[in-house]
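J.: generate coordinates for the sequence data below:
(one chain, ligands or ions: 1)
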Amino acid sequence: MRIVLLGPPGAGKGTQAKRLAERYGLAIIGSGDIFREHVAQATELGLAAKEYMDRGEYVPDQITVKMVLERLGRPDARDGFILDGFPRTVPQAQALERSLASSGRPLSAVLNFKIGDEVAVKRLTGRLVCPNCKAVYNLNFKPPRVEGICNVCGSKLSLRTDDDEETVRRRLDVYRTQTQPLVLYFWERGLLIDIDADAPEEVVFDRTVQAISDLEDIEP
Ligand code: AP5
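T.: Numbers count the residues shown, from 1 in each chain. Down below sits the predicted model:
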């Protein structure tokens, strides 16, 4: 199974990617996560990406495509993957399509998680992340057992630098102008499946699993 998760910031792509990867035994390739790892390690790529990320803008296609296609070529992605947050522009989608066609493994589906702007703002301004084990919490919907402390590893939780309200609204604008065109792009290719993601995490997961089980002709 080779799946793309599409949807605005805060739609729950990262949350559902983890659950789906566990359920179906797939590799997760999250472009935002890879960028954040580079930023944490202060690599050249990380330094270049950080200025775009902090402004809520997209990292240039040339940098992003090279990084994700390289990751897709690693052995753990051979038996199936979930792309979380890539592609986000038409040139990225075209580059992905060419690369997958050349290795004879086309996409199975594109799951389009749909939520409204105010839900996205509420979710993202309440998000807490663990810098150590990467667990994700939410002040409004999924608080940690002890305030400010990770349930899993006990580290101090932090906010993402791009989750303040002004940057979130900028990210939503960027999504509308640069990523929304992909909805039509993938619909024209018969790959798009809309998921109403404005519901509790478990409900969205059940809807997603149902949508996947309804898929026909998934290649082994
Ligand atoms: P990235 O990290 O991918 O950010 P994003 O797409 O804006 O998505 P988010 O991670 O903010 O949201 P999500 O949908 O994953 O939601 P989550 O599950 O975490 O990218 C960051 C930046 O990197 C970009 O802005 C850009 O600069 C750069 N970048 C990345 N990819 C790029 C690309 N392809 N091209 C160019 N640049 C790129 O959930 C959010 C919160 O809500 C959590 O607290 C969670 O607990 C909660 N939550 C989740 N689901 C629910 C639910 N159903 N109900 C209630 N709460 C929920």
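
J.: what residues does the chain have near the ligand?
T.: Within the chain, the residues that sit near the ligand (Cβ under 6 Å from any ligand atom) are 7, 9-15, 31-32, 35, 52-53, 56-59, 64, 85-86, 88, 92, 123-124, 127, 136, 138, 141-142, 162, 171, 199-201, 204. (Each C-beta comes from the backbone N, C-alpha and C, glycine too.)

J.: show me what contacts residue 215?
T.: Counting by Cβ atoms under 8 Å, 6 or more residues apart in numbering, residue 215 touches 108-109, 193.

J.: what are the ranges of the strands in the chain?
T.: Counting by DSSP state E, the chain has strands at residues 2-6, 27-30, 81-84, 109-114, 127-129, 136-138, 192-196.

J.: and the closest residue to residue 45 other than its chain neighbours, how many residues sit next to it?
T.: In space, and not counting its chain neighbours, residue 45 is closest to residue 38: 4.6 Å by Cβ to Cβ, 6 or more residues apart in numbering. When neighbours are defined as other Cβ atoms under 10 Å, residue 38 has 18 of them.

J.: wait, residue 38 sits on residue 46?
T.: Yes: here residue 38 lies in contact with residue 46, judged by Cβ atoms under 8 Å, at a distance of 3.2 Å.

J.: residues contacting the spatially most central residue of the chain?
T.: Per Cα atoms, centre = their mean, the C-alpha nearest to the average position across the chain is that of residue 84, at 3.0 Å. With contact taken as Cβ under 8 Å, 6+ apart, residue 84 is in contact with 5, 13-14, 17, 28-33.

J.: just the buried members of the residues you listed?
T.: 5, 13-14, 17, 28-32 (16 or more other Cβ atoms under 10 Å).

J.: the ligand: which of these is nearest?
T.: Within the buried ones among the contacts of residue 84, the smallest distance to the ligand is 2.2 Å, found for residue 32 (Cβ to the nearest ligand atom).

J.: dump the residue contacts of the residue sitting furthest away from the middle of the chain.
T.: Distance from the C-alpha centroid of the chain, by Cα atoms, centre = their mean, peaks at residue 146 (27.1 Å). If you count contacts by Cβ under 8 Å, 6+ apart, residue 146 has none.

J.: can you check the pLDDT for it?
T.: What the model reports for residue 146 is a pLDDT of 97.

J.: and it, bridged to which residues?
T.: Counting by DSSP bridges, residue 146 is bridged to residue 149.

J.: where's it relative to residue 129, distance?
T.: Taking Cβ to Cβ, to the nearest Å as the measure, residue 146 and residue 129 are separated by 16 Å.

J.: got it, and residue 74?
T.: For residue 74, the distance to residue 129 - Cβ to Cβ - is 24 Å.

J.: also residue 19?
T.: 17 Å.

J.: again, but for residue 59
T.: Noted for residue 59: a distance of 19 Å to residue 129, by Cβ to Cβ.
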